[in-house]
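Q: Compute the structure for the input listed below.
(chains A and B)
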There are 2 protein chains.
Amino acid sequence: MTEQRTVAIWRDGAAVAVPAAEPVVTAFDQGLGRGDGVFESVAVVEGRTPHLDAHLARLDRSASLLGLVSPGGSAWRRLVAAVVVDWQPGLEGVCRLFLTRGLGDGTPPTALALLAPVPADTLRQRTEGISVVSLGLGVPADFRAGAPWLLGGAKTLSYAVNMAAQRHAHDLGADDVVLTSLEGRVLEGPTSTVVWATGGALHTPPADTGILAGTTQARLFARAEADGWPTAVTAGTVDDLHAADAVWLLSGVRGAATVHTLDGVRRGDAGLSRRVRELLAR
Amino acid sequence: MTEQRTVAIWRDGAAVAVPAAEPVVTAFDQGLGRGDGVFESVAVVEGRTPHLDAHLARLDRSASLLGLVSPGGSAWRRLVAAVVVDWQPGLEGVCRLFLTRGLGDGTPPTALALLAPVPADTLRQRTEGISVVSLGLGVPADFRAGAPWLLGGAKTLSYAVNMAAQRHAHDLGADDVVLTSLEGRVLEGPTSTVVWATGGALHTPPADTGILAGTTQARLFARAEADGWPTAVTAGTVDDLHAADAVWLLSGVRGAATVHTLDGVRRGDAGLSRRVRELLAR
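A: Numbers count the residues shown, from 1 in each chain, chains lettered A, B, ... in the order given. The predicted model follows:
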């Protein structure tokens, strides 16, 4: 795989390409030792990053929530260009952008881009759908809005719990997770946004629960509205998902993964996944 | 500072010293991109690490909770020896041990040790005491015991919220934080264990709340018991801390930091801090 991966790091005002197997971060970088940084995962399709703007906007919001100074859109675009330039156009990729607090204490942040092929599992889940389990996050839905130190809405490098939730799902024979609030309200997936169809409309949970604002969900909702498919921000429960016509986990790289099993119960999609994918592909 | 920092990484069964300013981790390491790893902070005093055993035991527990395979006590001791060997004996240090998931997918974990001088702020807080604010974590005290995906009890590299809580405290003019459960029960500091004295005994919150088991707290309690000072695991509130004879935040490097201000209210220590420090210094 190594030769299919590329890396670039921001140094002295320039994007510097680095071999993928070469270390790029020192032991004292706060991104490593404290997960103190933010990131984005950007789809690379046919050698292009069509949705980069939305990711850069969210990266800026995340950075702001952590008090990090982003090197700016121009720097990120040059980093992305540096990793994409020699990429095989036919190979679908995921480009990650990392921004860390660097060595801390007012030193420059660390900014880098890395590009790898989309994992086979992700491609399979996109076409075959996914089995998900609901797992509690333990926090009331309205708590994080008043507790900025919990970093609700920020996509941080501190994803150990997100990864542990997915491992827990795998141990249960499932592919992925829907996290729920203490009251049982649907929040988000560990790396995705929850969207469901019911009553002739598309629904997604409110952002003030502390979930991440989904770039793919936002694109889908804008295009659905333009196409005459109503959308709504809705507080829903896992029971609402069971009762829905269709449920998807949306993310930039995997796209709309149809939930075919929820907490062990098989479910359909009422033929709506095709329309969702068509809207996202426009 | 750079010349006062040392790093060693585990490669091919050996501890390899690396210049502190040299990158040691690749962009694809899951410790960097996902905070997917565990760590310990070990005090280095007079060129020695007297409490290393307790930290290695906890590192193993953390690794187990994340499904990581530790390279073993012998590897960690060789890494520690490699960073401590040329350290100035008169300079107090903090040696951090990192274990990450490496590149994932069954590849070897990344294991490294890094050593730096104890920050001046930490030394000041140890002698002058600290002002702390209580901040909610939003999770009920009994929730994490039944939700292993939340990684309660594991010291992970995903410390962005811990760091954000401390920044929030600094913005409020305080030094540090006591995190509380949804019901207002005292949990822990972002990098420390809460201990308080009341009714002639020392108290600390129960581990089944998902807090980290404190190595310094354990040492203090064992020595206090041997010295005739009773200890107890107690569910307490912030009001209990206000009413206590003394409150400390305990950690391996800072030791027992006396809380002289809690949520803006000045408080004393009934002269007990000296006894706590004497017990820890034995």
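Q: which residue sits closest to residue A:245, ignoring its sequence neighbours?
A: Residue nearest to residue A:245 in three dimensions, not counting chain neighbours: residue A:270, with 4.0 Å by CB to CB, 6 or more residues apart in numbering or on different chains. Using the backbone N, CA and C atoms, a C-beta is placed for each residue, glycine as well.
Q: Please give the three-state secondary structure assignment for that neighbour.
A: When classified by DSSP: H, G, I helix; E, B strand; the rest coil, residue A:270 comes out as coil.
Q: Looks like it contacts residue A:246 (just checking).
A: Yes: in this structure, residue A:270 is within contact of residue A:246 by CB atoms under 8 Å, at 5.4 Å.
Q: The two: who's more crowded?
A: Taking neighbours as other CB atoms under 10 Å in any protein chain shown, residue A:270 and residue A:246 compare with residue A:246 leading, 23 against 12.
Q: so what's that one up against?
A: A:196-197, A:258-259, A:268-270, A:272-273, A:276 (CB atoms under 8 Å, 6 or more residues apart in numbering or on different chains).
Q: which residues are in contact with both of residue A:270 and residue A:246?
A: Listed as contacting both residue A:270 and residue A:246 by CB under 8 Å, 6+ apart are residue A:197.
Q: And residue A:26, how close does it get to residue B:272?
A: Relative to residue B:272, residue A:26 is positioned 41 Å away (CB to CB, to the nearest Å).
Q: Compare the two (neighbour count), which wins?
A: Neighbour tally, residue A:26 and residue B:272, criterion other CB under 10 Å: the higher count belongs to residue A:26, 23 against 20.
Q: residues in contact with the more buried one?
A: A:32, A:103, B:7, B:20-25.
Q: now swap in residue A:34 and tell me
A: Residues in contact with residue A:34 (CB under 8 Å, 6+ apart) are A:101, A:158, B:157, B:159-160, B:162-163.
Q: Which of those fall in helices?
A: B:160, B:162-163 (DSSP state H).
Q: tell me the strands in the stretch 151-282 of chain A, going along the chain?
A: Under the criterion DSSP state E, counting those that start in this stretch, strands of the stretch 151-282 of chain A are mapped to A:176-180, A:186-188, A:193-198, A:201-204, A:231-233, A:246-251, A:255-262, A:265-266.
Q: Which strands and helices lie in contact with the last one?
A: Helices and strands touching strand A:265-266, by 3 or more CB pairs under 8 Å, 6 or more residues apart in numbering or on different chains; DSSP states H and E: there are none.
Q: For it, what is the distance to the chain centroid?
A: In terms of CA atoms, centre = their mean, to the nearest Å, the centre of strand A:265-266 is set 25 Å apart from its chain centre.
Q: Would you mind measuring from the residue lying closest to residue A:89 once chain neighbours are set aside to chain B?
A: Nearest residue to residue A:89, sequence neighbours excluded (CB to CB, 6+ apart): residue A:47, at 4.1 Å. For residue A:47, the distance to chain B equals 20 Å [CB to the nearest CB, to the nearest Å].
Q: and residue A:47, how many neighbours does it have?
A: Residue A:47 has 14 neighbours, counted by other CB under 10 Å.
Q: residues in contact with the residue lying closest to residue A:92 once chain neighbours are set aside?
A: Excluding its sequence neighbours, the residue lying closest to residue A:92 (CB to CB, 6+ apart) is residue A:118, at 4.6 Å. Contacts for residue A:118 (CB under 8 Å, 6+ apart) come out as A:43, A:92-94, A:253.
Q: Flag every residue of the stretch 151-282 of chain A that's near chain B.
A: A:151, A:154, A:156-165, A:167-168, A:177, A:182 (CB under 8 Å from any CB of the partner chain).
Q: Which members of those residues are the farthest-apart pair?
A: Largest separation among those by CB to CB: A:157 and A:182, giving 25.4 Å.
Q: who has more neighbours, the two?
A: residue A:157 (30 against 17).
Q: Mark out where each domain of chain A begins and ends.
A: Split into domains by the TED database, chain A comes to A:6-118, A:123-281.
Q: Tell me, what's the model's pLDDT at residue A:282?
A: Residue A:282 is assigned 85 on the pLDDT scale.
Q: My guess is it contacts residue A:220. True?
A: No: counting by CB under 8 Å, residue A:282 does not reach residue A:220; the two are 10.2 Å apart.
Q: Poorly predicted segments of the stretch 151-282 of chain A, please.
A: By pLDDT under 70, the stretch 151-282 of chain A has no low-scoring segment.
Q: make it 90
A: A:282 (pLDDT under 90).
Q: Distance from stretch A:119-128 to the middle of the chain?
A: 15 Å.
Q: can you give me the helices for the stretch 1-150 of chain A?
A: Listed in chain order, the helices of the stretch 1-150 of chain A (DSSP state H, counting those that start in this stretch) span A:30-33, A:52-65, A:73-84, A:120-128.
Q: Deepest-packed of these, please.
A: Among the helices of the stretch 1-150 of chain A, judged by mean count of other CB atoms under 10 Å in any protein chain shown, the one packed with the most neighbours on average is helix A:30-33 (a mean of 27).
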